[in-house]
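# Provided below are the primary sequence and the corresponding predicted coordinates.
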Amino acid sequence: MRNVLKNCDPRVKILLALGFAVIVALTYSFRVLFLAALFVLVCLSLSGLSLRFVLQRVALVNLFLVLVVFTLPFTTPGTLWFSIGPFKVSHAGASLALLVFLKSNLIVLATVALLYSSSVFELAHALHHLRVPDKLVQLLFFTFRYLHLLEQEFLHLKEAALLRGFRPRTDLFTYRTTAYLVGNLIVRSYDRSQRVYEAMLCRGFQGTFPVYHHFEGQRRDLFLALFGGLYLVLMLLAG
Amino acid sequence: MHISEGVLSAPVLLAGALGTGIGTFLGLRCLTSEKVPQVALLSAAFFVASLVHVPLGPSSVHLILNGLVGILLGWMTFPALLVGLFLQAILFQFGGLTTLGVNTFNMAFPGVVVYYLFKPLIKSPRLSVVGAFCAGAFAVLLAGIFVALELALTGESFQASAKLILMAHLPIMVIEGFITVLIVGFLKKVRPEILFPEEKP
């Protein structure tokens, strides 16, 4: 039971995640958020991801939120709740801040639970079936394929610079060195893309990728789609 | 700066998604299947570059480089950044699914604007430095203005955070301008055909 979601059809998972995100992003009712929290709990327990991993992921999100959540209580007009010196906190502001905080975190948790259990390649394949334009899917596929490689390449360049005594500071020399490192990365990625394309042509590339594993809807996927979909409708009705 | 999920209001999210949809459509029309690996690898390179931190006084800022992407890719900036931001959303949870449209628009549209405004300047031998600086700085400034506007349009209570974000973009603007000048200079010396693909012999 622990990682049921992992084996589910990514097409269903993408649609569920998207529907959930849209509903939660647009709601202003705490009742819907309560239902959403239950949904997230079920998804997380079925995803087989460890709690620690999930918490690490969520911690990153709150970087942008900090700015918004901490200014909202002070800037929203409404009845006074309490005040710290010249700063007045209103009821409306505090509840709006809480709402934004919960919404944001719930969506991220649901996305992690539903999408992290599939590989990016599976997701790209699913997006193809969901009628995303072919060239966009190919772009996604290639970008992800070479992301890690280019990161390694950049780290090599940086390591070489550090070994030659480069120490980052706030000066023109540092900016110039960084710019040349990035410039080198661009040149290398350009050259690599030429080689990749030529290699693809040599192997008879005609503009589409053949796929070996096809999705077949199983009973499990039908259940997920049915129950997930009904639950989302319930959330819509509660709002 | 990526806007998180659950902050913006529905009309703003919808407008962003619509803008990105149109931009991506136009971008995909220029994108021939021959160019797919090239754009994808550049997109990956910019993803990596956005993880690079440069020191600024006691703290550090990370590179955005949406101006440079705009200069190199034109309308194809939209699909390239859409893919990059989608990956950031599902791999690092920066931004998210509902804000994908808005975030892509914020980064990509300034790139396209800069492409039309400053690419001719960059081509000319004498004003190249001015053009590159403006491209890098203006793209970041415009992105900051979009983020601030979207927050302000969502509700009056967000105006304080909108102002904070706009101010945070000002120092980044200058650094981006400098770095863009240096990268453009480097590419012009080392590999001009990357900057000006249409002049390839």
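Perfect, I can see it now. Numbering: from 1, shown residues only, chains lettered A, B, ... in the order given.

# which stretches of chain A have low pLDDT?
A:1-2, A:63-64 (pLDDT under 70).

# how about the strands in the chain?
Assuming you mean chain A. Remark: strands assigned in chain A by DSSP state E are A:80-84, A:87-90.

# Switch to chain B, please.
Under DSSP E, chain B gives strands at B:53-56, B:59-62.

# Which of those sits closest to chain A?
With respect to chain A, and counting by C-beta to the nearest C-beta, the nearest of the strands of chain B is strand B:53-56 at 5.0 Å. C-beta: built from backbone N, CA, C; applies to glycine.

# Relative to the closest one, what are the paired strands and their orientations?
Strand pairing for strand B:53-56, using DSSP bridges, gives strand B:59-62 (antiparallel).

# Just the mean pLDDT for the partner strand, thanks.
The pLDDT scores in strand B:59-62 average 80.

# Could you measure from the residue nearest in space to the middle of chain B over to chain A?
Nearest to the centroid of the C-alpha atoms of chain B, with distances taken as C-alpha atoms, centre = their mean, sits B:N66, at 2.4 Å. Here the criterion is C-beta to the nearest C-beta, to the nearest Å. By it, B:N66 lies 13 Å from chain A.

# Repeat that for B:L14.
Relative to chain A, and taking C-beta to the nearest C-beta, B:L14 is found at 10 Å.

# which parts of the worst-scoring helix or strand of chain B on mean pLDDT are buried?
Taking mean pLDDT, DSSP states H and E as the measure, the helices and strands of chain B show their lowest mean at strand B:59-62, namely a mean of 80. Neighbour counts over strand B:59-62 (16 or more other C-beta atoms under 10 Å in any protein chain shown) mark B:V61 as buried.

# Could you list the residues in contact with it?
Contact partners of strand B:59-62, identified using C-beta atoms under 8 Å, 6 or more residues apart in numbering or on different chains, comprise B:50-54, B:171-172, B:175.

# Could you export the strands of chain B to JSON lines, including columns for distance to A:V120?
Converted to JSON lines, the strands of chain B look like this (distance: least, C-beta to C-beta, whole Å):
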{"stretch": "strand B:53-56", "distance to A:V120": "25"}
{"stretch": "strand B:59-62", "distance to A:V120": "22"}
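
# Quick one: the helices in chain B, in order.
Ranges of helices in chain B, per DSSP state H, are B:10-30, B:36-49, B:66-73, B:77-92, B:100-123, B:128-154, B:159-190, B:192-195.

# For A:L55, which of those helices is the nearest?
Minimum separation from A:L55 across the helices of chain B (C-beta to C-beta) falls at helix B:77-92, 14.6 Å.

# So is the closest one next to chain A?
Yes. Judged by C-beta under 8 Å from any C-beta of the partner chain, helix B:77-92 comes into contact with chain A through B:79-80, B:82-84, B:86-87, B:89-92.

# what is the orientation angle of that helix with helix B:100-123?
130 degrees (axes from the mean of the first three to the mean of the last three C-alpha atoms, to 10 degrees).

# For helix B:77-92, give the mean pLDDT please.
So the average pLDDT for helix B:77-92 ends up being 92.

# in it, what's buried?
For helix B:77-92, the neighbour count (16+ other C-beta under 10 Å) marks B:77-90 as buried.

# before we move on, what about stretch A:161-181?
By 16+ other C-beta under 10 Å, the buried positions in stretch A:161-181 come out as A:161, A:168, A:175-181.

# so where is chain B shaky, pLDDT-wise?
Using pLDDT under 70, chain B drops low at B:1, B:199-201.

# let's see 80
Scanning chain B for pLDDT under 80 picks out B:1-2, B:56-60, B:93-95, B:157, B:198-201.

# List phi and psi for the residue of chain A positioned farthest from its centre.
No residue in chain A sits farther from the centre than A:G85, which is 39.5 Å out by C-alpha atoms, centre = their mean. When read as degrees, to the nearest 10, the backbone of A:G85 gives phi 60, psi -130.

# That one and chain B: what is the separation?
17 Å.

# cool, A:L49 as well?
From A:L49 across to chain B, the span is 13 Å (C-beta to the nearest C-beta).

# Just give the closest residue to that residue, not the sequence neighbours.
A:Y116 (6.3 Å; C-beta to C-beta, 6 or more residues apart in numbering or on different chains).

# Count the neighbours of the one you found for me.
Other residues within reach of A:Y116, judged by other C-beta atoms under 10 Å in any protein chain shown, total 20.

# Over to it: give its phi and psi.
phi -70, psi -20.

# May I have the residues that are in contact with it?
Taking C-beta under 8 Å, 6+ apart, we find A:Y116 in contact with A:47, A:49, A:57, B:90.

# same thing with A:C43?
Contact analysis of A:C43 by C-beta under 8 Å, 6+ apart lists A:5, A:109-110, A:113-114.

# With B:S43 instead?
Residues near B:S43 by C-beta under 8 Å, 6+ apart: A:139, A:143, B:80-81, B:83-84.

# A:G228: which of these is nearest?
The closest of those to A:G228 turns out to be B:V83 (C-beta to C-beta; 26.4 Å).

# From what I see, that closest one and A:V137 are in contact.
No. In this structure, B:V83 is not within contact of A:V137 by C-beta atoms under 8 Å, at 9.3 Å.

# circling back to that earlier point, put the alpha carbons of the least confident helix or strand of chain B into CSV.
Extracted in CSV, the C-alpha atoms of strand B:59-62 (Å, rounded to 0.1, in the frame of the first residue of the first chain):
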residue,chain,number,x,y,z
SER,B,59,25.6,38.6,0.9
SER,B,60,25.2,37.1,-2.6
VAL,B,61,22.7,37.1,-5.5
HIS,B,62,22.0,34.5,-8.1
